[in-house]
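>>> this one's sequence-less:
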């Protein structure tokens, strides 16, 4: 499964990439996000949980409110990688621990 995670800086993207190497991950790369990118659908990965090979929203009553400041975060780097489905949950937990953002339109898609 192909995943994309977005970060506030290159160091965070790099440290996440290093941590993911413990899993069955391939074709990983880090790129700078072009200026002017619309972050409207980028959501902190901590707001989702992996279930059956896809990402599902956490129960709304447990979902923390996104403050205006958090929704206006500037993301500068993208980490793109492929992960074996058996390691998807572990990979997503790493993204959560590293405070990565994910594209909300991607969640739930395989």
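Received it, and whenever you're ready, just let me know what you need. Here the structure is a predicted model, which is why all the values come from computation and not from measurement.
>>> helices along the chain, start to end?
10-20, 68-71, 88-97 (DSSP state H).
>>> out of those helices, which is the most enclosed?
Mean neighbour count (mean count of other CB atoms under 10 Å) peaks for helix 88-97 among the helices of the chain, with a mean of 19. All C-beta spots, glycine's among them, are computed from the backbone N, C-alpha and C.
>>> follow-up on the earlier one: mind telling me which of the helices of the chain the model trusts least?
Sorting the helices of the chain by mean pLDDT places helix 68-71 lowest, at a mean of 46.
>>> run a quick check on residue 80 versus residue 2, I expect a contact.
Yes - contact criterion CB atoms under 8 Å: residue 80 and residue 2 qualify, at 7.2 Å.
>>> between those two, which is the more surrounded one?
residue 80 (15 against 10; other CB atoms under 10 Å).
>>> give the contact list for the more buried one.
2-5, 27-31 (CB atoms under 8 Å, 6 or more residues apart in numbering).
>>> mark which of the residues you listed are buried, thanks.
3, 5, 28, 30 (16 or more other CB atoms under 10 Å).
>>> tell me the contacts of the first one?
Taking CB under 8 Å, 6+ apart as the contact definition, residue 3 lies against 80-83, 91-92, 95, 102.
>>> so how far is residue 95 from it?
8 Å (CB to CB, to the nearest Å).
>>> okay, and the common contacts of these two?
With CB under 8 Å, 6+ apart as the test, residue 3 and residue 95 both reach residue 102.
>>> can you give me the strands in this protein?
2-7, 25-32, 42-44, 48-51, 54-57, 77-83, 101-103 (DSSP state E).
>>> now the first one against strand 77-83, angle please.
The reference is to strand 2-7. 150 degrees (axes from the mean of the first three to the mean of the last three CA atoms, to 10 degrees).
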